Each structure stands twice: as structure tokens, then as C-alpha cells.
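**Student:** quick one, fold the following:
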Amino acid sequence: MVFWGSLALVGLFVMSTGCASLKRDASGLEEPEPEVTRQADEPEPLYYDFEDVLVPIELNVDKDKSFVYHAPGFTAGILALSGRTEINSLIRFFENNMAKDNWRLVSSFKSPRTIMFFNKPNRSCIINITEKSFKTDVEIWVAPSVEDPESTLLK
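**Tutor:** This next block holds a predicted model:
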């Protein structure tokens, strides 16, 4: 007898909570409440060696092809990356995010290989994007800008 009473109590509880998710509209009919689904937080892009060049999370650093020189107040070099991402989305990513980091797009070439040239008052950046069969390779070159063309070492 206790078993059947407990079972009836559980049944009433389940039925009452099932109806609690229904709302009544103006006509008095019950409508189910919309379910709130939370999308998983998408991974955010990262700054690797260059503190003002944002890189999509889908790209992985290729340490064998990278060379970055760090000195106090100065970072330059080549950051090589690769990953499975579409070239046009990468182009849009760099156009948008480089501008947010105060880079100015100077020019670009677009073909099977895309090269983007960016400038800041004291630095230059070249982004080379090559789409291959199963991956996309990206090279980010950052170097100091020469303020006075007459002061270069190469004459």
C-alpha cells in the first residue's frame, strides 16, 4: 500500500511540473514556453608573439617555420601557422581585426595566394595566405618601419 501511495505521489509531481512549463495566451489556451538553449562559447582568437596581430583560434603555430625576435620594446619576425579554414573568411578576419589594432591596409593581392600589406607609424606587417587541398597556410611577417628612407643601411 505504501508503494502505491508513493508511486501516485511521484506521478502527481511529474504531471504538475510538466504543466508548469505551459503558459496561457490571451485566448486561455496553453502554449509551451520556448526553451532557452545556450550556445557553447566559441573559442576566441589569440595574440601569439605579436601583441597587435590577432590570430584565429583555428590556426596552429608551426614552430619549425617560425622565427620571432624579441627585445625590450621590440618584436619582429615571421610567425608561420596552418589550419583548416576557408581563405575568404581569413581575409575578412584580418581586414577587420588588424584595423581594430590600428593597422592600416595599404594594399593586397588576391589569387590562389593572397598577400595583405599593413602599416602602422613604426611597423609594417605582411600576411601571406595560401590555400592548399586540406589546409590553409598563413605567414605573418612583422618588421620595424624605416622612418627616413635616406637612413637605410642599403644604399
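**Student:** domain-wise, how is the chain divided?
**Tutor:** 2-32, 46-148 (automatic domain parsing).
**Student:** turn those domains into CSV, columns for mean pLDDT and mean neighbour count.
**Tutor:** Placement of C-beta: from N, CA and C, glycine included. Putting those into CSV (pLDDT from 0 to 100; neighbours: other C-beta atoms under 10 Å) gives the following:
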stretch, mean pLDDT, mean neighbour count
domain 2-32, 57, 9
domain 46-148, 94, 15
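**Student:** who are the contact partners of the residue lying closest to S145 once chain neighbours are set aside?
**Tutor:** Closest residue to S145 apart from its sequence neighbours, by C-beta to C-beta, 6 or more residues apart in numbering: S124 at 5.1 Å. S124 sits next to 117-118, 142-145 when contact means C-beta atoms under 8 Å, 6 or more residues apart in numbering.
**Student:** what's across from S124 in the sheet?
**Tutor:** N119, A143 (DSSP bridges).
**Student:** again with V55
**Tutor:** Beta-bridge partners, per DSSP bridges, of V55: L46.
**Student:** likewise A71?
**Tutor:** Counting by DSSP bridges, the residues bridging with A71 are F74.
**Student:** about what we covered before: measure the residue nearest to S145 to R92 for me?
**Tutor:** Applying C-beta to C-beta, to the nearest Å, the value for S124 to R92 is 21 Å.
**Student:** same check on L54?
**Tutor:** For L54 relative to R92 (C-beta to C-beta), the value is 13 Å.
**Student:** and P72, by the same measure?
**Tutor:** P72 is 34 Å from R92, by C-beta to C-beta.
**Student:** same question, I129
**Tutor:** Taken as C-beta to C-beta, the span from I129 to R92 is 11 Å.
**Student:** point me to the helix or strand that includes S89.
**Tutor:** helix 87-100 (DSSP states H and E).
**Student:** which strands or helices does that helix pack on?
**Tutor:** strand 54-55, strand 104-109, strand 113-119, strand 123-131, strand 136-144 (3 or more C-beta pairs under 8 Å, 6 or more residues apart in numbering; DSSP states H and E).
**Student:** how about the contacts made by G77?
**Tutor:** 49, 66-69, 141-142.
**Student:** report the angle between the axes of the helix or strand encompassing it and strand 136-144?
**Tutor:** Here G77, judged by DSSP H and E, is contained in strand 74-83. With axes from the mean of the first three to the mean of the last three C-alpha atoms, to 10 degrees applied, the angle from strand 74-83 to strand 136-144 works out at 180 degrees.
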